[in-house]
Structures are given as structure tokens and as C-alpha cells.
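A.B. asks: Model the structure of this input:
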Amino acid sequence: MTNVPLIEPADGAVPSARAQRGAPPRTAFLLAQLGADAADRFADRIAALGLTPREAGAIRVLGRRQGLSQRELAELLGTVPSRLVALVDELETKGYVLRERSEGDRRNNVLTLAPGGERMLAQLREVAQAHQRDLLSPLAPDEQQTLAALLAKLAAASDLTPDGHPGFRR
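C.D. replies: Numbering: from 1, shown residues only. Down below sits the predicted model:
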């Protein structure tokens, strides 16, 4: 892996010994910048498909786990069930999701992808793959693997779920 030079403080001060042993200054800020930039760029890509990031996330999860209840989908996405209702309404209106009463519990709705949702999921996968290729293109393949492992470790330490996104909480 390439050595990353320490980023000098704006005031020209020499970094403390502690800062030199740990991550360079601004590492957390750089992660936030890159995360926000990656999210914005992905949102722009899927806007061309007529989707929002929340819609894309729900379609992606349902593509892997058909038959979830609205409550289960809300939990996986990291949002409250009441916020999910409007999202599912929109996806149903667009012809991407089917909502049916659960045979086991008539109080719950079961969600599956409609044929239009299956087609959209295929398009989303292509967009996501292109997005990842573009985003990681400055890194060598071994650096991409290392970055992925380190980010997964940080995500796990922060109790982030694979399907949730902090943006869904808002």
C-alpha cells in the first residue's frame, strides 16, 4: 500500500507524537467528504432512472429478500415504519413493488418486487457496478481489497448494518 503523507495542520504546527502514531489529521473528515461525494454521485446516476436513493435501497433489499413485511424492510433500511409507508406507496405506484396482506397475519403487508421492480433492479445493479468502478478506479486492485476490508471493519465497529444508510434515518 502507498504511504500517505501526513497532512500538515493549517497553522503550520508540527503534529503531536500521538497524531503521528495514529491516523493522519483529517482522516475522519476525508471519509465524510468521500462518503458524501459518493452518495451524491450515486444519487445523480439513479436520478436518470427516475429513482431516489431511498427507492433504490428498498428495491435492492427486496431483490435479495422477497416477502418482507413493511416493518422488516424498515428495520433493515434503518428507518421507522411510518416513514416507510410513503416510500412503499411510491414504489407501488411506479409499478416496482407489490404489497399484499400476509396470509399468516392479516395485519401485516408482505412486499415483493413486481416485474417492473425486477427490471429496475437489473438496471440498478449495472449502475452500482459502474459507480463502484469509477469511484475506486484510482486504486490498484489490492488497494481496493484493503480499503473494502478496512471500511467493513469500521462499519462493524459502528454497528452499521449492510442494508441501512444513515440518510434513511432522516
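A.B. asks: Any stretches of this protein with poor pLDDT?
C.D. replies: Residues of the chain meeting the criterion pLDDT under 70: 1-20, 106, 165-170.
A.B. asks: any idea where the strands of it begin and end?
C.D. replies: Remark: strands assigned in the chain by DSSP state E are 68-69, 97-101, 109-113.
A.B. asks: Would you format the ones you listed as JSON lines with distance to residue 119 and mean neighbour count included?
C.D. replies: Placement of C-beta: from N, CA and C, glycine included. Shown next, in JSON lines, are the strands of the chain (distance: least, Cβ to Cβ, whole Å; neighbours: other Cβ atoms under 10 Å):
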{"stretch": "strand 68-69", "distance to residue 119": "20", "mean neighbour count": "18"}
{"stretch": "strand 97-101", "distance to residue 119": "13", "mean neighbour count": "16"}
{"stretch": "strand 109-113", "distance to residue 119": "9", "mean neighbour count": "19"}
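A.B. asks: Can you lay out those strands as a markdown table showing distance to residue 38?
C.D. replies: Formatted as a markdown table, the strands of the chain follow (distance: least, Cβ to Cβ, whole Å):
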| stretch | distance to residue 38 |
| --- | --- |
| strand 68-69 | 26 |
| strand 97-101 | 26 |
| strand 109-113 | 25 |
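A.B. asks: Any chance you could list what contacts stretch 85-93?
C.D. replies: Stretch 85-93 is contacted by residues 54, 55, 58, 59, 70, 73, 97, 98, 99, 109, 111, 117 when judged by Cβ atoms under 8 Å, 6 or more residues apart in numbering.
A.B. asks: residue contacts, the fifth one?
C.D. replies: With contacts defined as Cβ under 8 Å, 6+ apart, the neighbours of residue 70 are 81, 84, 85, 88, 99, 108, 109, 111.
A.B. asks: go on, the last one?
C.D. replies: Taking Cβ under 8 Å, 6+ apart as the contact definition, residue 117 lies against 59, 62, 63, 91, 95, 96, 97.
A.B. asks: one more time with 6 Å, if that's ok
C.D. replies: Residues in contact with residue 117 (Cβ atoms under 6 Å, 6 or more residues apart in numbering) are 59, 96, 97.
A.B. asks: Any figure for the gap between the first one and residue 33?
C.D. replies: Here residue 59 is placed at a distance of 27 Å from residue 33 (Cβ to Cβ, to the nearest Å).
A.B. asks: Compare those two (neighbour count), which wins?
C.D. replies: residue 59 (22 against 11; other Cβ atoms under 10 Å).
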